[in-house]
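Here's a sequence, model it:
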Amino acid sequence: MDQNIINWAVAALGGLFGFVLKSLWDAVKDLQFADRRITDKLASIEVLIVGDYIKKEEFNTISNIIFIKLDKIMDKLEAKADK
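Predicted coordinates for the structure are as follows:
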């Protein structure tokens, strides 16, 4: 009878230990899935940020417009100083 009680206690502890290990394994798997999902989101954000840079042609057009305006302002200032 004593050996039977010890066998049941060892089996119960083994089952409890197995349940704890299974719970930890599931938690690790969930964290890995969440990490993979966050990494994918971060990669997509990185692609969006890189795609928003100004193009060289647009920069040249805008800078030419700015320089034309500055030249007009400079001409007006020079004409004002001559008076």
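
Following element in sequence after the helix ranked longest in the chain, please.
If you go by DSSP state H, the chain has its longest helix at helix 2-51. Under the assignment DSSP states H and E, the closest C-terminal helix or strand after helix 2-51 is helix 56-82.

Now do the buried residues in that following helix.
Buried residues in helix 56-82, defined by neighbour count with 16 or more other C-beta atoms under 10 Å: none. From N, CA and C alone the C-beta is placed, and that goes for glycine too.

How far off centre is that helix?
41 Å (C-alpha atoms, centre = their mean, to the nearest Å).

what's the distance between Met1 and Asn7?
From Met1 over to Asn7 the distance is 11 Å, taken as C-beta to C-beta, to the nearest Å.

Looking at these two, which is more packed in?
Ranked by neighbour count (other C-beta atoms under 10 Å), Met1 and Asn7 place Asn7 first, with 10 against 4.

how close does that one sit to Glu78?
105 Å.

ok, now Ser63?
Counting by C-beta to C-beta - Ser63 and Glu78 are separated by 22 Å.

Likewise for Lys69?
For Lys69 relative to Glu78 (C-beta to C-beta), the value is 15 Å.

Low-confidence stretches in this protein?
Applying pLDDT under 70 to the chain picks out residues 46-52, 81-83.

Recalculate using a threshold of 90.
1-3, 40-55, 75-83 (pLDDT under 90).

Quick check: Ser23 vs Lys29, distance?
Ser23 is 11 Å from Lys29, by C-beta to C-beta.

Quickly list what's touching both of the two.
Counting by C-beta atoms under 8 Å, 6 or more residues apart in numbering, Ser23 and Lys29 have no contacts in common.
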